[in-house]
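K.L.:
Just need the structure, nothing else, for what follows:
(one chain, ligands or ions: 1)
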Amino acid sequence: MEEKRGISAAGEQYFRFLAEMGVTKHFGSYNVTRELIERCQIGAGQAVLDVGCGVGATPSLMAQEIGCRVTGVDITPPMLARARERAGRVGVARQIDLCAGDACALPFADHRFDAVICESVVVFVADKQRAVDEFARVTRPGGYVGLTEVTLLQPTDDTEFLAYMNRVAGCQGEMLSKEAWAAHLARAGLADVTARAYRLDMREEAKGRLRRYSLRDVLAALARLPRMWLRDPEAKAFLQQTAGGTKHLCTETFDYMGYGVYVGRVGEDSS
Ligand SMILES: C[S@@+](CC[C@H](N)C(=O)[O-])C[C@H]1O[C@@H](n2cnc3c(N)ncnc32)[C@H](O)[C@@H]1O
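P.N.:
So this is what the prediction gives:
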């Protein structure tokens, strides 16, 4: 698929589908967001950027639970409409700014934020180093950059599944190991880089998603599916492709596909 801005055509289709449904996700869900908040030392009153904020679950959560001021940026405009609606609904609209933008060319001045977090976004970007460099650029000296991304836990020759991830979900490039993700942070000039990789636990995933979204959100998303199937040919094609791809999933997939949390700090002398 041809790359268009920082996103592939398959990625664009996938994100339009998710925005229409009204839910976005990252592996590790609620627990990983809390881990990022803790490891990036995010506290009340801080200015935090969430890159690729999707439907805005993390900005709303951080505003509600931590009391920080959050800017959410996303390349898919309908995501921002959902994020805006959520922020209003949970009563944190005044703490959240939302704007369209590309992770590879962030529309912010240098050193603007106390922390930058990014949950399951860079995996979809062709030039991963450029994105991580941008995260470091907009973080103040002494501030943190934290990512959570799909991670290759061990080498695999399951090329069919990996090709499916590119073709349907719009991931770009190879699936990266923990070491490869950490190297991107180090090359961006970040100090004290830490990397932790986790295996997927589907029960924990389900619990985390219910904690991140209310039961009402999940039911509303599911209720939109029949209408999308009947009225939106693109969404229907996407659903068919996704269902067809499950034949590539096997128990071994979860031996090599997990996720990682990567955190680094911008040096105090960074100018
Ligand atoms: C898998 S979703 C994750 C959304 C959110 N972070 C979450 O955890 O729920 C990926 C998001 O990244 C956004 N995205 C993809 N490529 C991007 C880019 N180059 N710049 C900014 N956002 C991007 C998509 O529009 C989508 O909302």
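
K.L.:
Strands along the stretch 101-250 of the chain, start to end?
P.N.:
With DSSP state E, counting those that start in this stretch as the criterion, the stretch 101-250 of the chain has strands at 113-119, 139-152, 191-198.

K.L.:
which outside residues touch the first one?
P.N.:
The one in question is strand 113-119. For strand 113-119, contacts defined as CB atoms under 8 Å, 6 or more residues apart in numbering pick out 26, 32-33, 36-37, 40-42, 46-52, 58, 71, 103, 131, 135, 138-140, 143-148. Just so you know, the C-beta spots here come from the backbone N, C-alpha and C atoms, and that holds for glycine as well.

K.L.:
What subset of the residues you listed is buried?
P.N.:
The neighbour-count test (16 or more other CB atoms under 10 Å) marks 26, 32-33, 36-37, 40, 42, 46-52, 58, 71, 103, 131, 135, 138-140, 143-148 as buried among the contacts of strand 113-119.

K.L.:
Take those residues and keep only those in helices.
P.N.:
Here DSSP state H is the test, and the buried ones among the contacts of strand 113-119 give 32, 33, 36, 37, 58, 131, 135 as lying in helices.

K.L.:
My guess is the last one contacts residue 52. True?
P.N.:
When you say that, I think you mean residue 135. No: at 10.8 Å, residue 135 does not count as touching residue 52 under the criterion of CB atoms under 8 Å.

K.L.:
Please enumerate the shared neighbours of those two.
P.N.:
Joint contacts of residue 135 and residue 52 (CB under 8 Å, 6+ apart) are 103, 118.

K.L.:
and the longest helix anywhere in the chain, C-alpha only, in PDB?
P.N.:
Once the chain is assigned using DSSP H, the helix that runs over the most residues is helix 215-231. Output of helix 215-231 as PDB, limited to C-alpha atoms (Å, rounded to 0.1, in the frame of the first residue of the first chain):
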ATOM      1  CA  LEU A 215     -20.100  -0.900  29.400                       C
ATOM      2  CA  ARG A 216     -22.300   1.800  27.800                       C
ATOM      3  CA  ASP A 217     -19.400   2.700  25.300                       C
ATOM      4  CA  VAL A 218     -18.800  -0.900  24.500                       C
ATOM      5  CA  LEU A 219     -22.400  -1.700  23.900                       C
ATOM      6  CA  ALA A 220     -22.900   1.500  21.800                       C
ATOM      7  CA  ALA A 221     -19.900   0.500  19.600                       C
ATOM      8  CA  LEU A 222     -21.300  -3.000  19.100                       C
ATOM      9  CA  ALA A 223     -24.700  -1.600  18.300                       C
ATOM     10  CA  ARG A 224     -23.200   0.500  15.500                       C
ATOM     11  CA  LEU A 225     -21.800  -2.600  13.700                       C
ATOM     12  CA  PRO A 226     -25.100  -3.800  12.000                       C
ATOM     13  CA  ARG A 227     -25.700  -0.300  10.600                       C
ATOM     14  CA  MET A 228     -22.200   0.000   9.300                       C
ATOM     15  CA  TRP A 229     -22.500  -3.500   7.700                       C
ATOM     16  CA  LEU A 230     -25.700  -2.500   6.000                       C
ATOM     17  CA  ARG A 231     -25.000   1.100   5.000                       C
END
